[in-house]
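Engineer: Sequence and computational prediction follow.
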Amino acid sequence: MSQLSLYNTLKRRKEAFLPLNPPHVGLYVCGPTVYGDPHLGHARPAITFDILFRYLKHRGYKVRYVRNITDVGHLVNDADEGEDKIAQKAKLEALEPMEVVQYYLLRYHRAMEALNVLPPSIEPHASGHIPEQIEFIQKIIESGYAYESQGSVYFDVEKYDRDHRYGKLSGRNIDELLETTRALDGQSEKRRSLDFALWKKASPEHIMRWKSPWSIGFPGWHLECSAMSTKYLGEEFDIHGGGMDLLFPHHDCEIAQSCAALGKESVRYWMHNNMITINGQKMGKSLGNFITLEEFFNGNHALLTQAYSPMTIRFFILQAHYRSTLDFSNEALMASERGLSRLMEANARLEKLKPATQASLKLEGLRQRCEEAMDDDLNTPIVISQLFDAARVINLVHDGKESISETDLQEIREVFRIFIEDILGLVSESGSTTNNEAYKKAVDLLLNIRQEVKQNKDWATSDRIRKELTDLGFEIKDGKEGFEWTPPSGI
RNA sequence: GGUUCGUUGGCCGAGGGGUUAGGCACCGGUCUGCAAAACCGUUUACGGCGGUUCGAAUCCGCCACGAACCUCCA
């Protein structure tokens, strides 16, 4: 096996992945703020790190995958000045904040399950870790990198930067940031505009509030990840992932917080997935150009010419490398839909393939090429291209134009199972999961009758059976040796 | 303005000093009662200008265009 290498944003290059305490791997990924329906943008990090999770397990690692749920502290606008996103939504809909969280979290989980994203090992809520966050703030205060101001606590960025370096993940430096950050109105409790909140005193109308040594209030947004990753993965752990849009300030603040509180670097490998774009622009809430996953699944959106199944979405995302932007269009999605169906049909055909004693084709290095592609910073597009090459071989054998040996057939079967199902997480949606034998036999019966009337050149009856089944959504394919059929999708 | 990163054929998207990525679409063919599927073949590439090199889409420089981040965002 080759060496797994991953692109470390901190170093701006690929590095050999060597876990801290093999065979254990600690993985932390920034999860959603649950105040709205999950959209295509949410699918990208979920799927990217699902692939990493699956591949690390495939390589024999014992992975603890922590993906948090932000349900408090994430403010609507100006860092540290705006309203809490969850609280705002709750107010709008006249609900308890936790009702909002419950509602959208459920919808998030449902969408992730449809996309065949494995649940993480632990999914901690920020609101469920207030004591841990308070303790974390105390540590930062003790180390001298935070100060209290009118019941709120802020991180002293300037002091931290003198001793360490603030902004090293995103490549920013504090002087430039000071120049470009707009002047404060003078009313601020903060010493410097760059300082960020660790704890905020709640205003009277603020509904989400907890007791702390400083005030009744709520934790700053960046803090939850530092506190919860430390709790579940330790002061030092292997991989921290998230979207590129979180690089600054979120992840740079996390680094500063953890370093200030713990006196060391917490994260060894930082990984960031790129954005999904629409007409070259980031798909996002603020731009109002996002499409929810549910809308993709039911096709109910002005920009969609049709519905796209969860597996089509998953495959579409996997056909691009996770560090590249991926541009949405109906054309691109339809191409993915067709390609996926070709690949999955080849996969299904694999079961029926017969090996030959005199093989005309030899299979070499398929598994190795797939593994090398995954080892090269999770290059799923290359893995898929390898699988398509194999699919062509499968179809040739299926058509009787080529033949392969028993050994090669077993090898392809195993490689397909491992890479398509276990690692890429692609599952058949065509309804082959239907276990109703009577139903299957009924369709077989109809098609057998059709075979018989075809013998008598009764094309009218033959075409009628095919047409009516096709109208019902079945797909009928005549082969050299009998027929193949797939049921309507969604069964 | 700063930071980071892009610009590949009709579309999506890998690769990254010399050798076919792959998918989808298109066109032609094989197969088929017809169709679908499958297979075979063909076509269209590396933003511009310089430089390094025997050789650059790939390395370097400049320019143009675009994006993300610097405000909430996955």
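Structural biologist: All right, it came through fine.

Engineer: Who's the closest spatial neighbour of whichever residue of chain A sits closest to RNA strand B, skipping the chain neighbours?
Structural biologist: Taking Cβ to the nearest atom of the strand as the measure, chain A has A:G243 as its residue closest to RNA strand B, at 1.9 Å. Glycine gets a C-beta too; all of them are placed from N, C-alpha and C. Leaving aside its sequence neighbours, A:G243 sits nearest to A:P45 (Cβ to Cβ, 6 or more residues apart in numbering; 5.2 Å).

Engineer: what do you get for A:P310?
Structural biologist: Nearest residue to A:P310, sequence neighbours excluded (Cβ to Cβ, 6+ apart): A:A114, at 4.0 Å.

Engineer: swap in A:I420?
Structural biologist: Closest residue in space to A:I420, ignoring its immediate chain neighbours: A:L426 at 5.1 Å, by Cβ to Cβ, 6+ apart.

Engineer: The residue of chain A closest to RNA strand B: neighbour count?
Structural biologist: Neighbour count for A:G243, taken as other Cβ atoms under 10 Å: 20.

Engineer: My guess is it contacts A:M275. True?
Structural biologist: Yes. Contact criterion Cβ atoms under 8 Å: A:G243 and A:M275 qualify, at 7.1 Å.

Engineer: List the residues that are in contact with both of these two.
Structural biologist: Residues touching both A:G243 and A:M275 by Cβ atoms under 8 Å, 6 or more residues apart in numbering: A:G41, A:R44.

Engineer: helices and strands around the helix or strand encompassing A:S385, which ones?
Structural biologist: A:S385 belongs to helix A:380-398 when assigned by DSSP states H and E. Applying 3 or more Cβ pairs under 8 Å, 6 or more residues apart in numbering; DSSP states H and E, one finds that helix A:380-398 contacts helix A:310-318, helix A:330-349, helix A:366-375, helix A:406-416.

Engineer: if you set the cut-off to 10 Å instead, what comes out?
Structural biologist: Under the contact criterion of 3 or more Cβ pairs under 10 Å, 6 or more residues apart in numbering; DSSP states H and E, helix A:380-398 touches helix A:40-58, helix A:310-318, helix A:330-349, helix A:366-375, helix A:406-416.

Engineer: Pretty sure the residue nearest to A:G243 sits against A:P120.
Structural biologist: No. Assessed by Cβ atoms under 10 Å, A:P45 is found out of contact with A:P120, at 11.8 Å.

Engineer: Looking at the two, which is more packed in?
Structural biologist: Legend: neighbour count by other Cβ under 10 Å for A:P45 and A:P120, higher for A:P45 (25 against 22).

Engineer: check contacts around the more buried one.
Structural biologist: By Cβ atoms under 10 Å, 6 or more residues apart in numbering, the contact set of A:P45 is A:29-32, A:67, A:117, A:241-244, A:246, A:271-274, A:322.

Engineer: Just the buried residues of stretch A:18-30, please?
Structural biologist: Using 16 or more other Cβ atoms under 10 Å as the test for burial, stretch A:18-30 gives A:P19, A:V25, A:G26, A:L27, A:Y28, A:V29, A:C30.

Engineer: would you list those residues in JSON lines and tack on distance to RNA strand B, secondary structure and pLDDT?
Structural biologist: As requested, these are exported to JSON lines (distance: Cβ to the nearest atom of the strand, whole Å; DSSP: H, G, I helix; E, B strand; the rest coil; pLDDT from 0 to 100):
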{"residue": "A:P19", "distance to RNA strand B": "23", "secondary structure": "coil", "pLDDT": "97"}
{"residue": "A:V25", "distance to RNA strand B": "21", "secondary structure": "strand", "pLDDT": "98"}
{"residue": "A:G26", "distance to RNA strand B": "19", "secondary structure": "strand", "pLDDT": "97"}
{"residue": "A:L27", "distance to RNA strand B": "15", "secondary structure": "strand", "pLDDT": "97"}
{"residue": "A:Y28", "distance to RNA strand B": "13", "secondary structure": "strand", "pLDDT": "97"}
{"residue": "A:V29", "distance to RNA strand B": "9", "secondary structure": "strand", "pLDDT": "97"}
{"residue": "A:C30", "distance to RNA strand B": "5", "secondary structure": "coil", "pLDDT": "95"}
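
Engineer: picking that back up, got the phi and psi for the residue of chain A closest to RNA strand B?
Structural biologist: Torsion angles at A:G243 (phi, psi; degrees, to the nearest 10) stand at phi -70, psi 150.

Engineer: separation between it and A:N274?
Structural biologist: Per Cβ to Cβ, to the nearest Å, A:G243 is found 8 Å from A:N274.

Engineer: shared neighbours, the two?
Structural biologist: In contact with both A:G243 and A:N274: A:R44, A:P45, A:T48, using Cβ under 10 Å, 6+ apart.

Engineer: Same list, the residues you listed, but only the ones touching RNA strand B.
Structural biologist: Among the shared contacts of A:G243 and A:N274, the residues that sit close to RNA strand B (Cβ under 7 Å from any atom of the strand) are A:R44, A:P45.

Engineer: Do a quick rundown of the strands in the stretch 151-300 of chain A.
Structural biologist: For the stretch 151-300 of chain A, strands defined by DSSP state E, counting those that start in this stretch occupy the ranges A:152-155, A:197-201, A:210-211, A:216-219, A:237-243, A:267-273, A:276-278, A:281-282.

Engineer: how about the ones you listed in JSON lines, adding mean pLDDT?
Structural biologist: JSON lines is the format used below for the strands of the stretch 151-300 of chain A (pLDDT from 0 to 100):
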{"stretch": "strand A:152-155", "mean pLDDT": "94"}
{"stretch": "strand A:197-201", "mean pLDDT": "93"}
{"stretch": "strand A:210-211", "mean pLDDT": "94"}
{"stretch": "strand A:216-219", "mean pLDDT": "94"}
{"stretch": "strand A:237-243", "mean pLDDT": "96"}
{"stretch": "strand A:267-273", "mean pLDDT": "96"}
{"stretch": "strand A:276-278", "mean pLDDT": "90"}
{"stretch": "strand A:281-282", "mean pLDDT": "86"}
